[in-house]
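*Asks:* 3D, please:
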Amino acid sequence: MTVLTQRSELTSADRNWAALYQPADVLYYTRGSKELGLERGTYATVVSTDPKANQLTVEREDRQQVTYDPKRLHGIAAYREIARDFAEGDRLQFTVSKPDMDIKNRDLATVERIDGTDMTVRMDGDKARTLTFNTAEMRHFDHGYAVTSHSSQGLTTDRVLVNMDTTTHPELINTRFAYVSVSRASEDARIYTNNATTLAERLSTEISKASAVEVARPNSETQAHQPQSKEQTMTNTKELTPEEQRRQFQQEAHDPATDKAQSPSEIDQRHYTPIHSALPNEAAGYEWKRETGDIQSYQHNQTAGWLHIDPQGQFYDRHAQPIAKEHTLEHAGHLTLAVNEISQAQSVAKGTIGNEQGLSL
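*Replies:* From the prediction side, this is the model:
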């Protein structure tokens with residue numbers, strides 16, 4: 001069957017020039033034009049181009065041809081037709097959002113049945129749902145065995161294979177990309193790279209941008225606002241430092257009127273249960289630092305990054321505001337551990353034939 005793949009190399013500026021289109025390109029009009037008879041939400045196929053006059057001739061769905069200047073018509077997405085073979089059991093990924101079908105861009109599914117041009121798929125997700133559609137009308141899908149790091153956000157699977165090519169643009173291989181990719185796996189993540197020697201350095205690339213205020217700030221003031229080794233965490237009347245915890249234990253232990261005294265082991269259990277529950281395989285290296293209400297705060301002994309977690313496994317920022325697990329781990333420099341493992345694996349990987357390495361985390 002034939003599906004549509006987007007011409008992602010065409011920028012919004014490129015789409016103003018007829019010379020950059022090719023015959024057989026499929027155009028989708030998000031706005032349309034009454035004057036040209038191009039309805040909103042319809043398709044047309046490029047028939048020919050006239051670069052000198054900057055004219056584009058397309059054939060509408062009713063087989064009528066119209067010619068226009070692409071500079072005067074905006075809201076266009078360009079696609080190419082490609083042939084794909086699908087069978088029952090194949091993994092599939094949708095490449096556009098279709099609200100009327102309850103489909104979001106990059107949703108994944110498994111093919112259950114193919115009957116002529118009709119395809120029935122089982123959608124991934126917590127709620128079991130099947131969907132049947134006509135592949136001659138809905139052609140925005142492709143094989144779903146491999147996805148980009150960006151589109152994988154929010155997904156979880158048992159095993160992940162990550163391709164990291166160190167020859168790509170520097171801004172594409174960085175801490176954020178690596179963390180999102182590796183953290184998709186619940187059991188095993190394997191990184192395949194062309195050069196393990198330089199990969200660790202590339203993964204350490206920080207792409208966070210400074211604000212205009214930070215750039216304009218004098219050097220002395222900038223240094224005063226640099227992150228300190230001791231993060232300024234949330235505070236309230238319930239916050240207890242390790243020393244305060246020890247004093248509280250001693251008071252409770254010598255007070256015959258209370259039966260709520262806890263042993264040091266019980267206190268440690270209360271402190272470390274949240275992080276062990278939230279990060280069962282990644283809690284090593286984090287030391288408990290303080291308690292704010294029900295929120296326990298930890299700092300890593302290598303990266304100096306902080307984590308704040310409550311007994312339910314909810315993560316917080318230093319202002320006690322709920323935050324996504326992925327964001328707080330990235331902020332804490334959690335990926336540095338994975339980078340170090342890659343560095344340690346280099347000596348083993350150097351002996352690999354052709355310098356093609358696969359590293360398991």
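*Asks:* so residue 268 is in which element?
*Replies:* Using DSSP states H and E, residue 268 sits within helix 264-278.
*Asks:* how far out from the middle of the chain is that helix?
*Replies:* 30 Å (C-alpha atoms, centre = their mean, to the nearest Å).
*Asks:* show residues contacting it.
*Replies:* Residues outside helix 264-278 that contact it (C-beta atoms under 8 Å, 6 or more residues apart in numbering) are 245, 249, 262, 283, 286, 288, 291, 296, 298, 307, 309-311, 313, 315, 325. Quick note: C-beta positions are derived from backbone N, CA and C, even for glycine.
*Asks:* swap in stretch 129-139?
*Replies:* Identification of contacts with stretch 129-139 by C-beta under 8 Å, 6+ apart yields 1-4, 98, 101-103, 109, 112, 117-123.
*Asks:* give me the buried positions along it.
*Replies:* For stretch 129-139, the neighbour count (16 or more other C-beta atoms under 10 Å) marks 131, 133, 135, 138, 139 as buried.
*Asks:* the helices in the stretch 251-361 of the chain, which residues?
*Replies:* For the stretch 251-361 of the chain, the helices defined by DSSP state H, counting those that start in this stretch occupy 264-278, 325-331, 336-349.
*Asks:* hey, least reliable of the ones you listed by pLDDT?
*Replies:* Of all the helices of the stretch 251-361 of the chain, mean pLDDT reaches its minimum on helix 336-349 (a mean of 52).
*Asks:* and the helix or strand hosting residue 3, what does it pack against?
*Replies:* Assigning secondary structure by DSSP H and E places residue 3 in strand 2-6. For strand 2-6, the elements it packs on are strand 76-83, strand 141-143, judged by 3 or more C-beta pairs under 8 Å, 6 or more residues apart in numbering; DSSP states H and E.
*Asks:* ok, residue 23 touching residue 47?
*Replies:* Yes: counting by C-beta atoms under 8 Å, residue 23 does reach residue 47; the two are 6.5 Å apart.
*Asks:* look at those two and report which has more neighbours.
*Replies:* residue 47 (15 against 10; other C-beta atoms under 10 Å).
*Asks:* where does that one fall, secondary structure wise?
*Replies:* According to DSSP H and E, residue 47 maps onto strand 42-50.
*Asks:* outside of that strand, which residues touch it?
*Replies:* Strand 42-50 is contacted from outside by 18-19, 21-29, 32, 38, 55-61, 65-66, using C-beta under 8 Å, 6+ apart.
*Asks:* what comes up buried for it?
*Replies:* 43, 44, 45, 46, 49.
*Asks:* surely residue 152 touches residue 183?
*Replies:* No: using C-beta under 8 Å, residue 152 is not in contact with residue 183; the gap is 9.5 Å.
*Asks:* CA atoms of stretch 108-119 as CSV?
*Replies:* Extracted in CSV, the C-alpha atoms of stretch 108-119 (Å, rounded to 0.1, in the frame of the first residue of the first chain):
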residue,chain,number,x,y,z
LEU,A,108,1.7,3.5,18.2
ALA,A,109,-0.5,0.5,17.3
THR,A,110,-0.3,-3.1,16.2
VAL,A,111,-2.0,-4.4,13.0
GLU,A,112,-4.7,-6.9,13.8
ARG,A,113,-6.4,-7.3,10.5
ILE,A,114,-6.1,-6.2,6.8
ASP,A,115,-9.1,-6.6,4.5
GLY,A,116,-8.5,-4.9,1.2
THR,A,117,-7.9,-1.2,1.9
ASP,A,118,-9.4,-1.5,5.4
MET,A,119,-7.0,-2.0,8.3
